[in-house]
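1. build me a structure from this.
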Amino acid sequence: MEKGMQPKSRWLLIFLLPILAFLSVQTVQAQNTPVFAEYDGGLSNDGRFTGCTELPEFTYSVTGDFAPGDTDVPGDPQVIDNNGGGFEAIFGPADNVPNIEVEVAGFFGSVGDPITNTVVTTITFDGPVPPNRLAFIIADVEQDQVTICAQDECGDVPVSTIGTWFQTAFDADAVQDGNVNVPSWDAATGTLVGELSSAPVMQTEYVATLGDNEAGAAWFMVNTPITQLTFKSQALGLAPDDPSQHFILAAMCNTCPVPNCAEITIID
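-> Numbers count the residues shown, from 1 in each chain. Presented below is the predicted three-dimensional model:
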């Protein structure tokens with residue numbers, strides 16, 4: 001036959017109840033923390049998002065028709081004005097963060113010749129990048145164009161999918177020349193086209209030499225898993241046009257203020 005609570009247990013519970021009333025157990029939620037990519041230097045090497053376990057490390061390479069003058073990793077600092085078109089509200093200040101800078105070698109030919117000189121920047125991740133964790137800015141696009149390509153574990157990512165990554169175009173340097181320079185996004189080809197283009201779509205033939213302004217830009221959020229990201233940069237005008245672009249990569253990482261987001265007991 002079961003008996004009621006023993007007197008000692010009853011008195012212990014009476015003693016503990018007032019203490020327990022002041023204690024609560026809370027699960028500390030993971031916090032989103034932005035991290036910008038870092039590069040080991042040189043035109044082919046390793047990179048990473050330090051402290052971000054959600055994103056794999058990567059290798060990068062710059063190949064093709066690049067001019068050595070402004071092609072470097074990390075590249076020269078790039079100003080990001082106008083809140084980065086909303087990018088900085090999510091990832092924080094992007095001025096002067098590490099970036100990949102490439103310069104397209106000038107093409108010596110005739111107006112109407114097919115655009116051929118191309119710089120290929122390839123970023124290959126050690127594993128799949130989770131969706132909505134990777135973002136990037138393409139900056140300093142005025143008399144040039146940059147086509148975005150990507151791969152996932154099944155092969156090439158469709159252009160229509162890449163089109164959903166586009167967030168907004170903006171002027172990244174509103175001070176240097178006083179002009180507003182906003183490139184166009186050509187969703188049909190996955191190409192960011194400089195404002196000085198004769199039309200807001202990917203160009204296939206060279207035009208006469210174009211002027212240089214500062215600094216058309218756009219940013220993108222990769223909302224699908226990928227294993228590789230590629231930028232193909234081209235000049236629109238004949239030499240001496242040899243425009244450069246900057247690529248800034250950022251990750252959104254989960255971090256916890258206590259080990260493993262463990263439950264902790266706190267006094268209210």
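2. show me where pLDDT drops low in the protein?
-> 1-31, 176-178, 214, 255-268 (pLDDT under 70).
3. can you pull the contacts of the spatially most central residue of it?
-> Residue closest to the mean C-alpha point of the chain, counted by CA atoms, centre = their mean, is Phe136 at 1.9 Å. Applying CB atoms under 8 Å, 6 or more residues apart in numbering to Phe136 gives the contacts Trp219, Phe220, Val222, Leu229, Phe247, Ile248, Leu249, Ala250. Where you see a C-beta, it was placed from the backbone N, CA and C, and this is true even at glycine.
4. now do 6 Å
-> Phe220, Leu249 (CB atoms under 6 Å, 6 or more residues apart in numbering).
5. now do Phe107
-> Contacts of Phe107 (CB under 6 Å, 6+ apart): Asn117, Leu238, Ala239.
6. report the secondary structure state of the residue nearest to the centre of the chain.
-> strand (DSSP: H, G, I helix; E, B strand; the rest coil).
7. what segments of the stretch 51-200 of the chain are helices?
-> 87-91, 159-163 (DSSP state H, counting those that start in this stretch).
8. can you tell which of those is closest to Thr121?
-> helix 159-163 (15.2 Å; CB to CB).
9. CA atoms of that closest one as CSV?
-> Extracted in CSV, the C-alpha atoms of helix 159-163 (Å, rounded to 0.1, in the frame of the first residue of the first chain):
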residue,chain,number,x,y,z
VAL,A,159,20.8,31.6,-64.3
SER,A,160,17.2,31.9,-63.2
THR,A,161,18.2,30.8,-59.7
ILE,A,162,21.2,33.2,-59.6
GLY,A,163,18.7,35.9,-60.5
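10. ok, residues contacting it?
-> So helix 159-163 is contacted by Ile148, Ala187, Gly190, Thr224 (CB under 6 Å, 6+ apart).
11. can you give me the strands in the stretch 151-268 of the chain?
-> 155-156, 166-171, 184-186, 191-193, 216-222, 226-235, 244-255, 263-267 (DSSP state E, counting those that start in this stretch).
12. circling back: and the helices of the stretch 51-200 of the chain as CSV, adding mean neighbour count and distance to Pro243?
-> Below are those laid out as CSV (neighbours: other CB atoms under 10 Å; distance: least, CB to CB, whole Å):
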stretch, mean neighbour count, distance to Pro243
helix 87-91, 19, 22
helix 159-163, 16, 22
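13. which stretch among those helices comes nearest Asp212?
-> helix 87-91 (23.5 Å).
14. gap between the closest one and the chain center?
-> Averaging C-alpha positions (CA atoms, centre = their mean, to the nearest Å) puts helix 87-91 11 Å from its chain's average.
15. what residues does that helix touch?
-> Pro34, Ala94, Trp219, Ala250.
16. just the buried subset of these, please.
-> Pro34, Ala94, Trp219, Ala250 (16 or more other CB atoms under 10 Å).
17. got TSV for those residues, with distance to Asn181 too?
-> Listed next are the buried ones among the contacts of helix 87-91 as TSV, based on distance: CB to CB, whole Å:
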residue	distance to Asn181
Pro34	26
Ala94	17
Trp219	15
Ala250	22
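18. of the contacts of Phe107 - the most surrounded one?
-> Asn117 (21 neighbours; other CB atoms under 10 Å).
19. ok, now how distant is that residue from Val102?
-> Distance, Asn117 to Val102, using CB to CB, to the nearest Å: 12 Å.
20. can you check Asp95 too?
-> Distance from Asp95 to Val102, by CB to CB: 20 Å.
21. between those two, tell me which one has more neighbours.
-> Between Asp95 and Val102, Val102 has the larger neighbour count (other CB under 10 Å), namely 27 against 13.
22. ok, the more buried one - contacts?
-> Counting by CB under 6 Å, 6+ apart, Val102 has contacts Val62, Phe66, Thr71, Val119, Thr121, Ser233, Gln245.
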